[in-house]
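Chemist: please work out how this folds:
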Amino acid sequence: MTPAAQKFVLHWGEMGQAWGINRTMAQVHALLFIAPSALDAEEISTLLDVSRSNVSTSLRELITWGVVRRVHIIGDRRDRFEALKDVMDTFRVIMAERRRREMDPTISLLEHCIEEAKVGGEAEAYTREQLEKMLAFTRMVTDWYGQIENLPTPAMLRLFKGGTLIAKLFSRRGKAGKVGFDASDSAGEADEFAEEASEQ
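Modeler: Numbering: from 1, shown residues only. Take a look at the predicted model:
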C-alpha cells in the first residue's frame, strides 16, 4: 500500500473502534473502498497483515451490512470482494444498518420501560416523564433519517451542502425574539437570506 492508503486504512480502523465496530472489519472496508479492483481474501490478509480467519469473519460481516459484495471473475475460481464505491450509497447503507441495530432496539426498549414505569404509579412519574422525552426524541431522529434516506442523491447532497444555510435560518431571531424571520425583520436581512439560499 502507498503511505496515503496506509494512513487512511489505519485511521478508518480507529474510527471503526470509536463507533463500536471491529478494527479489522473497518480496515478491510477501507482497503476495499480504495482498491481499484476486487481483492481476494488472501490479498486482503497480506496487505493488512492480519490472519485469514479474521479477514473472512470481517468480510462476512461487511457483506451482511451491505457495504461489500462478492464478485467472480471468469477463469478465476477464487472469490473476490469489492466495496461500494459511491460515498453516498455507503452512507445510506451504514446509516440504515445502524438504525436497524441501534435505534430500533432502543425505541422498543424505551416503549417497554415506559409501560413498566406506568405500573409504578406516582412513584415513577418522573422516570416515566424522562423516558417519554427520550422516546419522543429518538423517534424524531429516526423519522428524520427515514425522510433523508429516501431522498435521491442529488437532493441529499443539496441538503448537506445547505446545512450552514439551514443553521443560519434557525439560529437567527427576529426583533420579537422568534426564531427565523417575521414582519419586523429588516428587508435587508431578508434579502441577504434569500440571496444566500439562491446560491446553494
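
Chemist: please, where are all the strands along the protein?
Modeler: Remark: strands assigned in the chain by DSSP state E are 39-40, 68-73, 76-83.

Chemist: okay, domains of the chain per the record?
Modeler: 3-85, 88-155, 162-199 (automatic domain parsing).

Chemist: contact partners for the residue nearest to residue 82 when sequence neighbours are not counted?
Modeler: Distances taken as CB to CB, 6 or more residues apart in numbering put residue 38 closest to residue 82, at 4.2 Å, once the chain neighbours are dropped. The C-beta positions use only the backbone N, C-alpha and C, and glycine is treated the same way. Residues in contact with residue 38 (CB atoms under 8 Å, 6 or more residues apart in numbering) are 32, 71, 73, 80, 81, 82.

Chemist: against residue 168, how distant is the closest residue to the fourth one other than its chain neighbours?
Modeler: In this case it means residue 80. Among residues not flanking residue 80 along the chain, residue 38 sits closest, at 3.7 Å (CB to CB, 6+ apart). Residue 38 is 44 Å from residue 168, where distance means CB to CB, to the nearest Å.

Chemist: same check, this time on residue 96
Modeler: Going from residue 96 to residue 168 by CB to CB gives 30 Å.

Chemist: and the contacts of residue 38 as a markdown table, adding distance to residue 142?
Modeler: Converted to a markdown table, the contacts of residue 38 look like this (distance: CB to CB, whole Å):
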| residue | distance to residue 142 |
| --- | --- |
| 32 | 29 |
| 71 | 33 |
| 73 | 40 |
| 80 | 36 |
| 81 | 31 |
| 82 | 30 |
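
Chemist: and the longest helix along the chain, what does it pack onto?
Modeler: Looking across the chain with DSSP state H, the single longest helix is helix 125-149. The contact analysis (3 or more CB pairs under 8 Å, 6 or more residues apart in numbering; DSSP states H and E) places helix 125-149 against helix 87-98, helix 104-119.

Chemist: run through the chain and note the low-pLDDT ranges.
Modeler: For the chain, applying pLDDT under 70 flags the ranges 172-200.

Chemist: OK, contacts around the residue nearest in space to the middle of the chain?
Modeler: Residue closest to the average C-alpha location in the chain (CA atoms, centre = their mean): residue 95, at 3.6 Å. Going by CB under 8 Å, 6+ apart, residue 95 touches 145, 149.

Chemist: the chain should start at 640 in everything you say after this.
Modeler: From this message on, residue numbering opens at 640, which makes the last subject residue 734.

Chemist: relative to residue 789, how far out is it?
Modeler: For residue 734 relative to residue 789 (CB to CB), the value is 12 Å.

Chemist: with residue 671 instead?
Modeler: Taking CB to CB, one finds residue 671 at 27 Å from residue 789.

Chemist: looking at those two, which has the bigger crowd around it?
Modeler: residue 671 (23 against 10; other CB atoms under 10 Å).
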